[in-house]
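> Quick one: sequence plus predicted model below, questions after.
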Amino acid sequence: MIFSYIPRWGSFIGCMSWVLAAAADAPHPEPRVIVNVVSVRGPHAPLEVQRAARLAWGRIIRCYKSIDSGAKGKLELELKVSKSGSVASARVGPSTLNNSELVQCLADTMKGLAMPRASADSVAGIEIHVAPGDQVSP
């Protein structure tokens with residue numbers, strides 16, 4: 001562990017580096033979810049679309065836990081993002097998930113998701129990666 005000394009903050013920084021190191025080793029029991037926007041065709045800013053899409057994390061977790069909490073894989077979706085700021089439709093693309101009910105739930109959960117407004121509609125390509133969380137030993 002590296003301790004940095006800054007007057008009045010020295011002990012705090014040393015303590016925080018220890019806490020961060022301990023957190024890195026802690027188990028992660030919640031399912032692992034990654035949402036990436038890989039393309040945007042239209043006036044919507046890709047980083048804003050990605051930020052909004054990642055806010056669906058709770059919805060994605062609900063689908064995952066209720067349908068197949070052991071699934072691992074990737075789903076590609078094509079989202080039609082309306083100029084008024086919502087996902088108007090979600091079309092399922094290639095997927096490595098072997099559960100069609102989970103795939104449909106993940107697609108449906110993106111419909112109606114709040115998005116930034118823009119001057120016209122856009123089409124966003126996104127990937128959702130899911131995997132089980134860590135086993136927590138008693």
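Okay, I see it. Numbers count the residues shown, from 1 in each chain.

> which intervals of this protein have sub-threshold pLDDT?
Low-confidence regions of the chain, defined by pLDDT under 70, span residues 1-26, 28, 136-138.

> so what are the domain limits for it?
Under automatic domain parsing, the residue ranges defining each domain of the chain are 1-28, 32-131.

> quick one, helices of the chain?
10-25, 46-54, 57-67, 100-110 (DSSP state H).

> What are the buried residues along the last one?
Within helix 100-110, the residues that qualify as buried are 102-103, 105-107, 109-110, counting by 16 or more other CB atoms under 10 Å. Every residue, glycine included, has its C-beta placed from N, CA and C.

> Next, the angle helix 46-54 makes with it.
Angle, helix 100-110 to helix 46-54, by axes from the mean of the first three to the mean of the last three CA atoms, to 10 degrees: 120 degrees.

> what sits up against helix 100-110?
53, 56, 59-60, 62-64, 66-68, 71, 75, 77, 79, 87, 90-92, 95, 97, 126, 128, 130 (CB atoms under 8 Å, 6 or more residues apart in numbering).

> Report the beta-bridge partner residues of the nearest residue to K72 once chain neighbours are set aside.
Among residues not flanking K72 along the chain, A131 sits closest, at 4.4 Å (CB to CB, 6 or more residues apart in numbering). A131 has these beta-bridge partners by DSSP bridges: R32.

> so A131 touches S69, yeah?
No - if you go by CB atoms under 8 Å, A131 and S69 don't touch, sitting 10.4 Å apart.

> got any residues that touch both of those two?
Common neighbours of A131 and S69, counting by CB under 8 Å, 6+ apart, are P31.

> count of neighbours near the spatially closest residue to A52 that is not a sequence neighbour?
Leaving aside its chain neighbours, A52 sits nearest to M115 (4.8 Å; criterion: CB to CB, 6+ apart). Neighbour count of M115, defined by other CB atoms under 10 Å: 25.

> can you tell me which residues contact M115?
So M115 contacts 44, 48-49, 52-53, 81-82, 85-87 (CB under 8 Å, 6+ apart).

> before we move on, the earlier item: okay, the domains of the chain, which one's buried deepest?
Of these, the one with the most neighbours on average (mean count of other CB atoms under 10 Å) is domain 32-131, at a mean of 17.
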